[in-house]
Structures are given as C-alpha cells and as structure tokens.
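**Q** model this:
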Amino acid sequence: MATDELTSTFAALADPTRRAILGRLADGEATVNELAEPFPLSVQAISHHLKVLEQAGLITRGRTAQLRPSQLRAAPLGDAAQWLEKYRPFWEGSFDRLEERLKATDDG
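**A** Residues are numbered from 1 along each chain as shown. Below is the predicted model:
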C-alpha cells in the first residue's frame, strides 16, 4: 500500500464524526440525511465529511434517483490494520512489562 493512501486513511479516521459515520455504514448503506440524523451538524457538514471519506477511499457513493447512498469500502481499513499489526509485538510487550512491574509492586 502506498504511503499516501495510508496517510489519507489515517487522516480521515482522525475525526470522530467520520469514524462514527463509518460505524453507521458498517450496518449498511445510508443517505446523507440518514447519516446526518444523530449529529448536531448540518447536512452540508456531513456531506463534507463524506467527501473526505470518499477521497480516502473509505466509502463509495452511488446514485439512485435523487439519492446518493454511501457504502463502506473496507479495503483501506484492512490495509491500515495490516500496517498496525506490525506494531503488535511492541505494544503487547509493553503490556507484558507493565504487568510484570505491577506484580512486582504488589509482591513488595
């Protein structure tokens, strides 16, 4: 995966509203109005978030009559997870060391 694609994915995921939108789209496609319902944001603001997600390749937007339902596109998320997986030994080792230190503190 090219670095610029990974950067786009993480940049899009940096916003909590966009992460919530992706969470909703994991349940199935939705229109802008449906996606805007739970947020105190305008439809235009949600449309902007959708544009960022689309540019990052995280969603696709179709066209059905006047509607433009959005769908989750999981491949970039898989690529990001694969990249993060390389660091699993590091953070698991950090947790193991923390656990050992806590046990030593309890024993002392």
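**Q** quick one: low-confidence ranges for this structure?
**A** The chain contains residues with pLDDT under 70 at 1-3, 64-65, 108.
**Q** where do the strands sit along it?
**A** Secondary structure of the chain (DSSP state E): strands located at 59-61, 70-72.
**Q** and the first one, what does it pack against?
**A** Right, the one you point to is strand 59-61. Judged by 3 or more C-beta pairs under 8 Å, 6 or more residues apart in numbering; DSSP states H and E, strand 59-61 is in contact with helix 43-55, strand 70-72. C-beta coordinates here come from the backbone N, C-alpha and C atoms, glycine included.
**Q** what are the contacting residues of that strand?
**A** Strand 59-61 is contacted from outside by 22, 25, 50, 53-54, 68-73, using C-beta atoms under 8 Å, 6 or more residues apart in numbering.
**Q** okay, now the residue lying closest to Val52 once chain neighbours are set aside: neighbour count?
**A** Distance criterion C-beta to C-beta, 6 or more residues apart in numbering; nearest residue to Val52, sequence neighbours excluded, is Ala12 at 5.3 Å. Neighbourhood size, Ala12 [other C-beta atoms under 10 Å]: 23.
**Q** shouldn't Ala12 be in contact with Leu50?
**A** No. Shown here, Ala12 and Leu50 do not form a contact pair, counting by C-beta atoms under 8 Å, at 10.4 Å.
**Q** what's the overlap in contacts for those two?
**A** Common contacts of Ala12 and Leu50 (C-beta under 8 Å, 6+ apart): none found.
**Q** ok, back up a step: out of the contacts of strand 59-61, which end up buried?
**A** 22, 25, 50, 53, 69-70, 72-73 (16 or more other C-beta atoms under 10 Å).
**Q** need the strands of the chain in JSON lines with distance to Gln82, can you?
**A** Formatted as JSON lines, those follow (distance: least, C-beta to C-beta, whole Å):
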{"stretch": "strand 59-61", "distance to Gln82": "19"}
{"stretch": "strand 70-72", "distance to Gln82": "17"}
